[in-house]
Each structure stands twice: as structure tokens, then as C-alpha cells.
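Chemist: Would you be able to build a 3D model of this:
(chains A and B)
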2 protein chains.
Amino acid sequence: MVPDAQPQAVQHVPVRTAQPYGVMIGAGLLHRLPEHVTSEQVAIVCDENVAPLHAGAVRRNFREHGRLAELLVVEPGERSKSLSCLETLLEQLAAAAFSRDCTVIAIGGGVVTDLGGFLAASWLRGVNFVSVPTSLLGMVDAGVGGKTGLNLRSGKNLVGAFWQPQLVVADVETLRSLPEEQFRHGAVEFFKHALIGRPEQLQLLADPAFRPDAPAERLSSWLADNIAVKAGIVAADEREAGVRMHLNLGHTLGHALEGASGNELAHGEAVAYGILFAALLGKNRGLADLTPVALQLLRRVQPQPLPPFILSDLLPFIARDKKNRAGSQRFVLLEDAGRPFVADNVQQTELEAAWEELRSLVDGLVWEAAN
Amino acid sequence: MVPDAQPQAVQHVPVRTAQPYGVMIGAGLLHRLPEHVTSEQVAIVCDENVAPLHAGAVRRNFREHGRLAELLVVEPGERSKSLSCLETLLEQLAAAAFSRDCTVIAIGGGVVTDLGGFLAASWLRGVNFVSVPTSLLGMVDAGVGGKTGLNLRSGKNLVGAFWQPQLVVADVETLRSLPEEQFRHGAVEFFKHALIGRPEQLQLLADPAFRPDAPAERLSSWLADNIAVKAGIVAADEREAGVRMHLNLGHTLGHALEGASGNELAHGEAVAYGILFAALLGKNRGLADLTPVALQLLRRVQPQPLPPFILSDLLPFIARDKKNRAGSQRFVLLEDAGRPFVADNVQQTELEAAWEELRSLVDGLVWEAAN
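Modeler: Numbering: from 1, shown residues only, chains lettered A, B, ... in the order given. Alright, predicted model coming up:
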């Protein structure tokens, strides 16, 4: 350990899974990884964008601490979440003779933490994993919770493991190096958590200060508060047998939109539409009307326009969604902000009504220049 | 449940892992699988040899019970333990819309149970797995214990997961349909268990009745007794952090022989030589002299002759063995039959002496016509 050179406070969020771990949130944490990751062999997974920005410096840092550190670089984008890409990385670990005591560190967005996590889960039947999400999406969602996943031709995240990290490190400085669009898309999962379990954070929807260039202490504090929602749910339901389903708010339609559009819609964009869809399903059942909140979120996200789908374009993808157990149709809905539940047996007529409303609500929307 | 049509007793061996399960051993159990596997969706993984022999009938049986049952057939042999073969099977599960409630049943030898187990571990981040080993090797070893594995170009079993089955079913009738050679090779792991934890079973080395055509009740009883050794070790050490290493007796050299010979030597043959090697290392350290037992095992196995390797051909494979943590060299040795231990820091000079002795012992061996 070197003396703490950071004047700023580091936030800690505990994740009380069977093997408990913690999320550290603060500024400059990326440069202090060798203090927290003690393996002699470290494999750093990142994409071609993150390699020059952050990962190269992290590798140098480990080497200066006398460790064996290898960089495993993949192409940016969803296509790297494939079994063939995994195989390439596994062969690299084999070539470098990485042992069971090694640690895989994934530095990047959701693609890299999903891929790196499954790499750690499957190399020699499981080695240490440290997740270092650099995007807002990764910090509040993919980086925490132990879900790893790869895609098949047939669909997204159909392959994977539940494999908890030893540690999650969120360095808020990394948010500042990303295109502003990424922060907007990541905000969808942030506000999804607010809707599920931290309704007081919904006020940030209208707060112009909620931006990647906000002061580090404020960013860290917002993030810690938000990540605590996911940490609590994950600890209560590590393998997604119950309450963890709530995290799928907006995702059933979201995945269908991603699938039907051939991933033209980004994940955050698709889920933002999905949250509005869930809000409409709930309103039509006489629950609290959260469509204004969902529309406010859409305006903040400024997604691409909805492609001209009709509901029957989406139904096959909805039925295929892996959260639909043994064929039954289920959606996460909200009694009110902060009160999610799993609705089984959502009827086709409900889907049709909500889809019609959604179309008429969003087709007229025009985004302001920037938010 | 249908009334028990089997007059013969079924043996049960409990495996007290975190999620306990059981091994059922008896005659005719293959035809009763739908009683024990209750999923509505069943994926049966097998190879092209087992499909017509057993798996087709099992599928029919499930369908007659009103279940969705699909046959996933792979080529026989080690080459099917690949990520590309895994991907093909995963796409088949996706195409058939298998849900999280499905069960993957692997029927076959070690290749199929390793592959099927990892398929179950990784589909939708983990579904039910039932292991139905049909070979002696599978019944006493690969079928029990939750180790799943695939090969890379760089080496065997470098990829996988610890994924315990819900149930293991060993139908001793299936042993009778296999070439007699397979029983001889599988006997190596059987007697490895005897050496580790059931020395009284070593007397079967000289028992001509220990054959695949022995009466089912005797076979079942021998198997139950032997599987209990592995079940006890697995329960004590699910993730191979300690005593489970003992199961690697004979495997460090065995894997090296497989690797250096390009798998010309079968696993059982290679491990039989490896057990002799471990016996020699132990004798040279002044421990009990188990070389007579190891030679008796070799005579029973009747392996192919040892290729003309010198030790330095094997050393790179020994160093690469994944059980060698962070580069240190370790072997499982025996104080005496029933008293295994992990020897760290086995010296190069010890390896050389044992290898020379092994060569001179085996080069003169001639197998009798049949055993």
C-alpha cells in the first residue's frame, strides 16, 4: 500500500453476495489498481479505444509493481461478445501460462465487462475477476452483479455464467473521456434503478448538473447511491430467481427492439423505449401513471427515432426473451416509482394497446438541440 | 412415478456438495429417466455411437411422457470438446427455445459429460444438468463431481466450469455394449480411487470376475463403493482448492504423455503409466513401494507401448499442467495405499530417476493374450 495521494473521498458500496465484495467509486482509482489487485499474473481485457486511453497505463503500473501483466485487446462493439472472440482470449491466456491464481481485469463498457467476466469464469474453471467499468452504463449496471454474457447468432446474452467479481472499481474520471452520447445512454439504466428503488433520484432527470463533467465528488455520490439499488437486489437474489427480475424493467421490449432493428438501436435507446412501454402497460392496468417520467427520460436520452415496426415484428423476440420462463409472457411493471413487480401473463391485447400509445407518443417527439 | 419394474436393487451414493445430489447405480435405469428428470424441456447430448444405442430410446421415452425432448448429437471423440462444437449445441438450444427450466442430459463417456455439463453451465447462465455416464471411466470419474471442460489448441480441459449435476445415473447395462478395451481403460480411474481411498478394492486387480459382463448386482456394488471415494472428496472440496487434488494421482505425467503423443495414448493408458511414475517417485522417497500394484494395474490395462520419449519431451507439458499453481511443480504421491498427499517441489533429479526406472520396467513388458 502506498499512502493515499487522493484528497477526494472514495465511496464504498458493499455487495453482500455469498462471496461478498465491494464497489469502490471515486476519482483517480484507475491508477491505484495494483494496491487492490494482488495477483502476480494480471490479464487486462479492454477494447481498442480503451487500450490507449487507460489500459496501457494500467499495465505499465502493474509492471512497475513487478507483476506479469498482459493486455488482451478486442474490437470495440457488441460483435466481440462472441465465442470465437472468447476462444482467442483463452488461447492468449494459455500462451502466457496464466495459472489459477491469476486475475482477469476488464476495463471498459458493458461489452468488455461481460466478455472479461465470462473469460474469468471459464479459464481453468474460474479465476479471480475485477470489473473496472469506464462508462456510466457499466458502472451502474454491467460492471456490478456477476452476470457475464456472450451473444449467439440467435440472440443476445444467451450464453454466460453468474460469476461475481472480487472487486468493482468505478473511476469517475473515465466518464469524462467518453462521447457525451454514452453518458445519455447509460443514464437509462441509472434512472431505471431510480424507478425501481431510489425514486428520490428521479429529480436528477431535470437537473442540468447531472452530466459527466460534474464535480467528481457529486458524481461519485450519485453513483454510489444508485449502485446501492443494484447491489441490494443482487445480494438478495444472486442467480436471478426472484427480485432480480426487477432489474429487467424496460428490457423485454428493449431486447425485442434491439433484435428487430438488428442492433441499430443502442441498448440504452431501446430500454428507454421499453421503460415507456412498461409505464403504459402499468397505466392501462390502473397503476400509477409514470408515463410523464418515462417521457422525461426519453427526452434526456434523445434516442434515434423508433423504426416503423408493428407489434407483430416484435412478438417473436418478446417470446424468445430468456426471462420468459417455459413460454409464459412476463413484464416488469411498477405499482408506482420504487414499487416494481413481475407481471405474468401480460395479454396480447394489453401489448397492442400499449404499443399503439407508445407510437403515437413518440412519433411526434423532437429533441431539443442538447440537454 | 410408475411401479418399480426392476427386481434388482438400485445403489445410491450421496454427494454432499453445497447443492447435494445423488448417484444412482443399477441395471435398466436408462429407461426410467423420465421418472427422475421432471423438466418439460429436455436436451439429450450424446455422440453418434450412443445415439442409436441408447439416446434415441431415451428421447422416445420422454416424448411418450409428454415432454419436449431434443437430441443433440456430436461426433465421437475428444475433438467434440471444442468451443465451436459448444456453439453449435447452444444455437440448437436457442432454435428450440429452451428456457431456464430445461434440463440438459448428457449420455455417454467423458467427452459427452464434459461437453454437456459445460453446455448446461453456460446456456442462459446455467440450467439443470443430469449426467448419465455409459462408460466405466464416466461412471467413476467424469460423470461425478461437477467438473466440466473443453479443450483449446493449447491444451486439454483449459476451459470449463464447476457445475454440479442434479443427478447422476449409472446404468450398468450400458457397460456391456462397449468394446472391452473401454472397460480396461476405465479401470485405471477405478483403481486410482482404490489407491487413494479404498485399498480393499485393490484385490479386484487380480479378480477375473471384475469384467463388464459380471452380474449387475456385483457391478453396481463395486461401482457404488468406488464412486463413494470420489463423492467424499468432491463434497469436501467442491472447487479443487485442497484434497480434491488427490484425484490427480497419475494425471500430471498422464496429461504430459497424452500431450506429447498428440493423444495417441488414450487417457486411461496415459494415466496408468502416470500412476506407475507416481509409485516410483514415492518409492524413491522411501515411502511404501506401490510399484508392484502399479505394474499389476498396467498388466490389466494392457496399454499401447510407451512412445520413445525422453523426459525433456514431457517437461514442457508437466510445467503447463493447470494443477501446477503459479509455476511450481507438484505431484500427488502415496505414503501408502489409501494415504495420498500433494508433494510440492518435486525435483528434476527425482523426475529423471523415476522416468529411467519406468522406461526399464515397461519396455520389457509383454501383455498376455487377454486378461
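
Chemist: quick one: A:Leu72 is in a strand?
Modeler: Yes. Assignment of A:Leu72 by DSSP: H, G, I helix; E, B strand; the rest coil places it within a strand.

Chemist: ranges for the strands of the stretch 1-150 of chain A?
Modeler: For the stretch 1-150 of chain A, the strands identified by DSSP state E, counting those that start in this stretch occupy A:11-15, A:21-26, A:41-47, A:68-74, A:103-108, A:128-133, A:150-152, in order along the chain.

Chemist: Can you give the strand pairings for the host helix or strand of A:Val168, parallel or anti for each?
Modeler: With secondary structure defined by DSSP states H and E, A:Val168 is part of strand A:167-171. In the sheet, strand A:167-171 lines up against strand A:21-26 (parallel), strand A:128-133 (parallel) (DSSP bridges).

Chemist: Just name the most buried of those.
Modeler: Taking mean count of other CB atoms under 10 Å in any protein chain shown as the contact definition, the stretch among the strands paired with strand A:167-171 with the greatest mean neighbour count is strand A:128-133, which reaches a mean of 27. Backbone N, C-alpha and C define where each C-beta goes, glycine included.

Chemist: on that earlier part again, okay if I get the strands of the stretch 1-150 of chain A as JSON lines plus distance to A:Ala319?
Modeler: What follows is the strands of the stretch 1-150 of chain A, written out as JSON lines (distance: least, CB to CB, whole Å):
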{"stretch": "strand A:11-15", "distance to A:Ala319": "33"}
{"stretch": "strand A:21-26", "distance to A:Ala319": "35"}
{"stretch": "strand A:41-47", "distance to A:Ala319": "32"}
{"stretch": "strand A:68-74", "distance to A:Ala319": "31"}
{"stretch": "strand A:103-108", "distance to A:Ala319": "32"}
{"stretch": "strand A:128-133", "distance to A:Ala319": "31"}
{"stretch": "strand A:150-152", "distance to A:Ala319": "16"}
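
Chemist: In a markdown table, list those strands along with mean pLDDT.
Modeler: Below are the strands of the stretch 1-150 of chain A laid out as a markdown table (pLDDT from 0 to 100):
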| stretch | mean pLDDT |
| --- | --- |
| strand A:11-15 | 96 |
| strand A:21-26 | 97 |
| strand A:41-47 | 98 |
| strand A:68-74 | 97 |
| strand A:103-108 | 97 |
| strand A:128-133 | 97 |
| strand A:150-152 | 96 |
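
Chemist: nearest to A:Ala96, of those?
Modeler: A:Ala96 lies closest to strand A:68-74 among the strands of the stretch 1-150 of chain A, at 5.3 Å (CB to CB).

Chemist: Run through who's touching the closest one.
Modeler: A:40-48, A:51, A:55-56, A:58-59, A:62-63, A:80, A:85, A:89, A:92-93, A:96, A:98, A:111-112, A:115, A:119 (CB atoms under 8 Å, 6 or more residues apart in numbering or on different chains).

Chemist: filter these to the buried ones?
Modeler: For the contacts of strand A:68-74, burial is judged from neighbour counts taken by 16 or more other CB atoms under 10 Å in any protein chain shown, and it is met by A:41-47, A:51, A:55, A:58-59, A:62, A:80, A:85, A:89, A:92-93, A:98, A:111-112, A:115, A:119.

Chemist: Kindly report the residues of the stretch 101-250 of chain A close to chain B.
Modeler: Taking CB under 8 Å from any CB of the partner chain as the measure of proximity, the stretch 101-250 of chain A contacts chain B at A:101, A:121-126, A:147-149, A:152-155, A:158-162, A:239-240.

Chemist: residues touching A:Ala9, list them.
Modeler: With contacts defined as CB under 8 Å, 6+ apart, A:Ala9 is in contact with A:26, A:217, A:220.

Chemist: Flag every buried residue along the strand holding A:Val168.
Modeler: Within strand A:167-171, the residues that qualify as buried by neighbour count (16+ other CB under 10 Å) are A:167-171.

Chemist: Pull the residues that contact that strand.
Modeler: Contacting residues not belonging to strand A:167-171 are listed as A:15, A:21-30, A:33, A:36-37, A:130-134, A:139, A:143-144, A:223, A:227 [CB under 8 Å, 6+ apart].

Chemist: Same question for stretch A:310-320.
Modeler: Under the criterion CB under 8 Å, 6+ apart, residues A:154-155, A:252-253, A:255-257, A:259-260, A:324, A:327, A:329, A:351-352, A:355, B:94, B:97 lie in contact with stretch A:310-320.

Chemist: I'd say A:Val271 and A:Thr252 touch.
Modeler: No. Between A:Val271 and A:Thr252 there is no contact under CB atoms under 8 Å: 9.9 Å.

Chemist: Spatially, what comes nearest to A:Thr174 if we skip its sequence neighbours?
Modeler: If the residues on either side of it in the chain are set aside, A:Thr174 comes closest to A:Thr134, at 3.9 Å by CB to CB, 6 or more residues apart in numbering or on different chains.

Chemist: just A:Arg218 next, same as before
Modeler: Residue nearest to A:Arg218 in three dimensions, not counting chain neighbours: A:Ala209, with 7.2 Å by CB to CB, 6+ apart.

Chemist: does that neighbour count as helix, strand or coil?
Modeler: coil.

Chemist: wait, A:Val229 sits on A:Lys192?
Modeler: No. The pair formed by A:Val229 and A:Lys192 falls short of the contact definition of CB under 8 Å, at 9.1 Å.

Chemist: more crowded one of these two?
Modeler: When A:Val229 and A:Lys192 are compared on other CB atoms under 10 Å in any protein chain shown, the one with more neighbours turns out to be A:Lys192, at 31 against 23.

Chemist: isn't there a helix covering the more buried one?
Modeler: Yes. Assigned with three-state DSSP, A:Lys192 falls within a helix.

Chemist: starting at the chain centroid, how far to the strand holding A:Val168?
Modeler: Counting by CA atoms, centre = their mean, to the nearest Å, strand A:167-171 is centred 13 Å from the centre of its parent chain.

Chemist: orientation of it relative to strand A:11-15 in degrees?
Modeler: Angle of strand A:167-171 versus strand A:11-15, following axes from the mean of the first three to the mean of the last three CA atoms, to 10 degrees, is 150 degrees.

Chemist: dump the residue contacts of the residue of the stretch 1-150 of chain A found nearest chain B.
Modeler: Proximity of the stretch 1-150 of chain A to chain B (CB to the nearest CB) peaks at A:Ala94, 3.5 Å away. Contacts for A:Ala94 (CB under 8 Å, 6+ apart) come out as B:152, B:154-155, B:158.

Chemist: what's the first-to-last distance across stretch A:43-59?
Modeler: Stretch A:43-59 has its terminal residues 9 Å apart, counting by CA to CA, to the nearest Å.

Chemist: anything in it near chain B?
Modeler: No. Figure legend: stretch A:43-59 not in contact with chain B (CB under 8 Å from any CB); closest approach 13.8 Å.

Chemist: got the contact list for that stretch?
Modeler: A:30-31, A:33, A:62, A:69-77, A:80, A:89, A:92-93, A:96, A:98, A:102-109, A:111-112, A:115-116, A:119, A:134, A:174, A:177.

Chemist: mind redoing it with 7 Å?
Modeler: The set of residues external to stretch A:43-59 that reach it, using CB atoms under 7 Å, 6 or more residues apart in numbering or on different chains, is A:30, A:33, A:69-76, A:80, A:89, A:93, A:98, A:102, A:104-108, A:112, A:115-116, A:119, A:134, A:174, A:177.

Chemist: May I see the buried residues of stretch A:232-249?
Modeler: Taking 16+ other CB under 10 Å as the neighbour-count basis, stretch A:232-249 is seen to contain the buried residues A:232-235, A:237-238, A:240, A:243-249.
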